[in-house]
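Engineer: predicted model and sequence below, questions to follow.
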Amino acid sequence: MNALSSRFLLDMPPLPKKKHTRARKGNRNAHNAIKLPSSSVCPCSRQERIQPHIACPECGNFNGRTMPGNWPQVNLLEQVEPIEAAPVEPES
């Protein structure tokens, strides 16, 4: 190897030795998918909360206790209509 070719090889950036396949790229990026935010339902007021680890914005209930603050003093469970089970038709 002469001096010119060895100098040229030292100045080159590193290059990949093999091609990364589509499957390998896909497997590497599989965990980058956008996930839906988790939600929960307040057991006291039956209101859906976007974030599960915060107090309910309707009644202030969190983890079985009412957090301090100005929350309405009504029993929200009495206002909620009971959910009736749908009639099941027998298969023929």
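Structural biologist: Structure received.

Engineer: need the nearest residue in space to residue 66, chain neighbours excluded.
Structural biologist: Counting by C-beta to C-beta, 6 or more residues apart in numbering, residue 60 is the residue found nearest to residue 66 once chain neighbours are left out, at 5.0 Å. All C-beta spots, glycine's among them, are computed from the backbone N, C-alpha and C.

Engineer: ok, now how distant is the one you found from residue 44?
Structural biologist: Here residue 60 is placed at a distance of 9 Å from residue 44 (C-beta to C-beta, to the nearest Å).

Engineer: and for residue 21?
Structural biologist: Distance of residue 21 to residue 44, given as C-beta to C-beta: 53 Å.

Engineer: so between these two, which is more surrounded?
Structural biologist: Between residue 21 and residue 44, counting by other C-beta atoms under 10 Å, residue 44 is the more crowded of the two (18 against 9).

Engineer: look up phi and psi at residue 66.
Structural biologist: Backbone geometry at residue 66, expressed as degrees, to the nearest 10, gives phi -90, psi 120.

Engineer: I'd say it and residue 56 touch.
Structural biologist: No: assessed by C-beta atoms under 8 Å, residue 66 is found out of contact with residue 56, at 9.2 Å.

Engineer: more neighbours: which of those two?
Structural biologist: Applying other C-beta under 10 Å to residue 66 and residue 56 shows that residue 56 carries more neighbours, namely 22 against 14.

Engineer: now do the same contact list for that one.
Structural biologist: Applying C-beta atoms under 8 Å, 6 or more residues apart in numbering, we find residue 56 in contact with 42, 44-45, 47, 49, 62.

Engineer: which one of the residues you listed sits closest to residue 28?
Structural biologist: Among these, residue 49 lies closest to residue 28 (C-beta to C-beta), at 34.4 Å.

Engineer: just confirm that closest one contacts residue 42, I think it does.
Structural biologist: Yes: using C-beta under 8 Å, residue 49 is in contact with residue 42, at 6.0 Å.
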